[in-house]
Structures are given as C-alpha cells and as structure tokens.
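> any chance you can model this:
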Amino acid sequence: MRRLCFFIILCGFITQSCGFFAEPETFGELIINIRFAGGSSQSLPKENSTLSRSDGIDRVVVVVREYSDPISNRPLEREIIRKEFRLGNDRQLRTVIEVPLQNAGVNDFNLQIQAFQGLALLYSGQDFISFDEKIRRVTSNIQLEPVAFRLFVPATIPPSNNRFVNFNGQAQDTSVTDIEIVADSVDVKFPIPKGGVFANPVMLFGDNTLVRVIAYRGAENRGETSRQVTFTGRKSDILVALVWDQPVDLNLEILNPRDQVISAATPGDSVGGNLILADINGYGPEIFEWRVNSILQRGQFAVRVSRPRTNLGQLASGRVYVFLRERQNLPVRRIFRFSFGPQDLQLPIDNILIQ
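The predicted model follows:
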C-alpha cells in the first residue's frame, strides 16, 4: 500500500514537472516597421534595430488590443500588451514583441503606436493584424503621422493659484476644423481660427485638474494631448461656470435675495460674491464664486444668462455648471443647457438656496 501511494505521488510530481496535460501557451511574433511621415523607415523587432529621432521624442508606447471575439465575432478592444520604451541620449530603441494567441483559429489584433515628448503626444499610428494556425509571424508597416497640433503650454505646468490657465497652441493639420478643451467636467468646443493658432482660458477646479485638448475634423477625432494642473488658490463654497458655443458676448448674472444683480457691471462681492471675467467675447468660461469670507446673504439666489441687444439674431447656446461645496472636496455638480431664441435677452437657469 505504501509503495502504491509513493508511486501515485511520484507520477503526479513527474506530470506536474514535465507539464503533461497542460496546454502550452502559443505566441506570434509581431515585426513592426515604423515610418514617420516625411521620414525614413525604422524597424522595431530585432535586437539590432533602432529608432532614432531628433524632434524631441523621448518615449514610444506600443499597445496591442484583441480586436474580435472568436465566439461572437463582435468587435472587442481588450488590451493585452502595453509596452513603453524610453529613448536614451542615443535616441535609439531596441525591442522584440511576442503576442499571446488565444485560440487555434484566427487571432485579430489592433496595433497602436504613439510617440511622446514628455506628456505631449507628437506622432501616432495604428494597424490591424491577424495570426492563424499557419501564420505565426506578421510584419506591420506603420506610418506615424504627426498629431493634429502641438500645445505651446509646457509639458509640466507649475502649480497655479489663479483660477484660470490659458491654453494655447497651433493646429499643424490643415484639415482640423475644431478644438475641444475639457477640464474636469467643463468642456468648451470652438472652430479653429484662420492660421490654426488658438487660445482659450481653462477653469481649474478642485486640487488637480486633468486638461485634455482634442482636435477634430468635423466629427472625426484627429488627435489628443493632455496636461495636469494643480490649483493652489482658495477654494469656493459655490462656483458657477458659464461656457457657450459661439463667438458672441454672453453674460453670467447672479441675483441675490434682494434682486441685486452681480454681473460684469458689478463684479465685486458687495452683493454677496465675486464674478471673474475670463472670456467676455468668446466661448467662456465666465465664472462666479462665493467664499466663506464674502459678504454672503442668506436666501434664494438666482442664476441667469443674458446677452446685449447687439447680439439679437445671433443664436447662442451653451451650458452652465453649478458646483456646490468645492471646499469640502465632495462637490455637488449640476449642469444646465440653454439656447437663446432670436429675441431672448435673458434666460433663467437655476435657483440656489443659501441657508
């Protein structure tokens, strides 16, 4: 009996050690040839291959996503490989990529490559590749195109005690039609001006704000980059932000419980808060904020948007964001959309009760 038990244990050990009954993992070899738009071809897969650039690129990110579900054949974007390569002083990159194959049949993947300078995305490109039971080595030739624009904003922005930071840049892709700037949940989208140079203030909210800048050709996303900004100024108890969609003059107005208007004409806190004008003839944001040290009146405050008579006939739409209790780091957010009619001068937006 002891011999039998010993024999069973020995067989189990041998089976586990030798990998019997274990299905070996299968890999495909992905050979990537990169060509920068306007540049020469570079190869990534072999040990002696190099990527050499002199335009500020310091890292390259390679992402492989599983593109289709082998059972339902529906699109699937599950990320299976993400590799980041740092470029040293010699501006060279050497690597080899193996792609795990999930089934014996066809394996489809989406390959995306991005080249960065710091946080700024400078070049990107993608390809679709397939492996099967016979094809275990695939070569992908990708041309990395420059992203639609470069920001003039530094890759690392120092902490700011100002509620606004101006984001500016220039579209390098002449097909770009619109720029969208998203800071936290506040987004402003505007057409690209002639010459491609753009600028718009960004409202900082809370402690850290991730600001995304996105370029569009019509509805098509043509490129995106981002910056992280830390706000070190005093926070508000209530913050109201107005953004709009057309280059017209709109005004954010707050009515205190005595129907006194806080507006561009009376921006101070003599009636219970402070209006900060950032962009009075563009797309906003234009914001109003209360702090605990303001002369804060109790009761019902009304939020509304107005426009001068000179803008009659110019249809304008936009959004009003109301942030409550920013100082507590647990803000309550309300978003209101509005649209002026041809003869509208004022639109009521929201009522805020201060107790």
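
> could you measure from the residue nearest the centre of the chain over to residue 196?
Using Cα atoms, centre = their mean, the residue of the chain that lies closest to the mean C-alpha position is residue 212, 4.0 Å off. Distance of residue 212 to residue 196, given as Cβ to Cβ, to the nearest Å: 19 Å. Every C-beta, even on glycine, is put in place using the N, C-alpha and C of the backbone.

> point out where the stretch 201-350 of the chain drops to low pLDDT.
Applying pLDDT under 70 to the stretch 201-350 of the chain flags residues 269-272, 279-281, 291-297, 326-331.

> quick revisit: which residues touch the residue nearest to the centre of the chain?
Applying Cβ atoms under 8 Å, 6 or more residues apart in numbering to residue 212 gives the contacts 180-183, 224-226.

> beta partners for it?
Beta-bridge pairing for residue 212 (DSSP bridges): residue 182, residue 226.

> separation between the spatially closest residue to residue 324 that is not a sequence neighbour and residue 302?
Nearest non-adjacent residue to residue 324, counting by Cβ to Cβ, 6 or more residues apart in numbering: residue 332, 4.2 Å away. Separation of residue 332 from residue 302 (Cβ to Cβ): 18 Å.

> put the alpha carbons of whichever strand or helix holds residue 221 into CSV.
Using DSSP states H and E, residue 221 sits in strand 220-230. This file holds the C-alpha atoms of strand 220-230, laid out as CSV (Å, rounded to 0.1, in the frame of the first residue of the first chain):
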residue,chain,number,x,y,z
GLU,A,220,-13.6,62.8,-36.5
ASN,A,221,-11.1,62.8,-33.7
ARG,A,222,-7.7,63.8,-35.2
GLY,A,223,-5.5,63.9,-32.1
GLU,A,224,-5.4,64.5,-28.4
THR,A,225,-3.0,65.5,-25.7
SER,A,226,-3.3,66.5,-22.0
ARG,A,227,-1.8,68.4,-19.2
GLN,A,228,-2.1,68.1,-15.4
VAL,A,229,-2.6,71.3,-13.5
THR,A,230,-2.6,71.8,-9.7
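
> and after it, which helix or strand comes next?
strand 238-244.

> and that next one, what does it pack onto?
strand 186-191, strand 251-255, strand 286-290, strand 317-324 (3 or more Cβ pairs under 8 Å, 6 or more residues apart in numbering; DSSP states H and E).

> want to throw those strands into TSV with mean neighbour count?
Formatted as TSV, those follow (neighbours: other Cβ atoms under 10 Å):
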stretch	mean neighbour count
strand 186-191	18
strand 251-255	22
strand 286-290	24
strand 317-324	20
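
> residues contacting residue 320?
Residue 320 touches 240-242, 252, 303, 305, 335-336, 338, 349-350, counting by Cβ under 8 Å, 6+ apart.

> at 6 Å instead, please
By Cβ atoms under 6 Å, 6 or more residues apart in numbering, residue 320 lies in contact with 242, 336, 349.

> that older thread, residue 332 and residue 302: which is more packed in?
More neighbours surround residue 302 than the other of residue 332 and residue 302, with 16 against 11 (other Cβ atoms under 10 Å).

> how about that one: what's its closest non-neighbour residue?
Nearest one to residue 302, counting by Cβ to Cβ, 6+ apart, is residue 255 at 4.1 Å.

> tell me what the one you found is bridged to.
residue 261, residue 302.

> next: residue 35.
With DSSP bridges as the rule, residue 35 is bridged to residue 41, residue 143.
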